[in-house]
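# Below: sequence and its predicted model.
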Amino acid sequence: MPWNLLALAASYLIGAVPFGYIIVRTLVGADVRSAGSGSTGATNVTRSAGLKAGALTYLLDVAKGAGAVLLMRAVTPDPAWLGAAATAAIVGHMFPVFLKFKGGKGVATGVGAFLAIVPIAVLSTLMVWVAIFWRTRIVSLASIVATALVPLWVYLWYGLVLGRPAPLETMASVAVGCLLIIAKHRANVRRLLAGTESRFERSSREPA
């Protein structure tokens with residue numbers, strides 16, 4: 001049990017590493033939280049420091065989500081603890097202790113965390129995200145809809161198609177993680193309903 005708890009604490013700290021903040025601070029000397037949406041995620045990093053910086057942020061945020069779950073898996077294969085590690089990493093990204101608990105919205109970290117637990121469901125979700133973004137160019141809409149569909153994909157793929165229903169603990173962690181991510185988008189939801197949500201535009205600022 002102590003090792004499980006240590007791995008859980010480490011999962012939060014891994015998720016709390018503010019890669020977006022570090023990258024923008026390094027490249028342009030600015031605090032990414034003071035621009036755009038105020039998030040440390042890849043979309044806001046792209047607006048602040050360019051597409052390459054945003055892509056690097058996304059990959060690193062995915063990696064830290066997956067890393068948290070893989071760390072827990074090295075301690076125990078118990079799906080309850082794996083789900084707890086995924087949730088802890090997402091919470092760490094959203095509320096990082098290193099940045100006074102002001103972080104991102106958890107999408108990329110959630111992708112990485114659940115990719116390590118229910119990969120087929122996450123890949124299906126990414127396809128939905130791409131389709132919606134391609135059609136609308138609205139990152140938040142694609143993220144919210146795709147995230148909301150993750151529990152459904154878990155049920156369809158593992159319960160119906162593969163005949164290996166995901167453990168209840170896995171379903172619970174997926175549901176909690178997705179609810180946290182959607183809740184973090186509440187300001188975006190308000191703008192979407194008001195028709196004022198911005199479309200994605202690549203920043204003209206491309207550091208060498």
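That came through, no problem.
# could you pull out the helices for the chain?
Ranges of helices within the chain are 2-16, 19-28, 42-49, 51-75, 79-94, 107-115, 119-136, 139-154, 168-184, 186-194, based on DSSP state H.
# for the ones you listed, which one ends up most surrounded?
Neighbour counts (mean count of other CB atoms under 10 Å) averaged over each of the helices of the chain peak at helix 107-115, with a mean of 29. All C-beta spots, glycine's among them, are computed from the backbone N, C-alpha and C.
# What distance do you get for the closest residue to Asp61 other than its chain neighbours to Pro77?
In space, Asp61 comes closest to Ala108 once its chain neighbours are excluded; the distance is 3.6 Å by CB to CB, 6 or more residues apart in numbering. Distance of Ala108 to Pro77, computed by CB to CB, to the nearest Å: 25 Å.
# Surely Val176 touches Thr87?
Yes - using CB atoms under 8 Å, Val176 is in contact with Thr87, at 5.6 Å.
# hmm, back to that, in contact with the residue nearest to Asp61, which residues?
Applying CB atoms under 8 Å, 6 or more residues apart in numbering to Ala108 gives the contacts 41-42, 57-58, 61-62, 65, 93.
# can we see that at 6 Å?
42, 58, 61-62 (CB atoms under 6 Å, 6 or more residues apart in numbering).
# now stretch 196-208: mean pLDDT?
Average pLDDT, stretch 196-208: 62.
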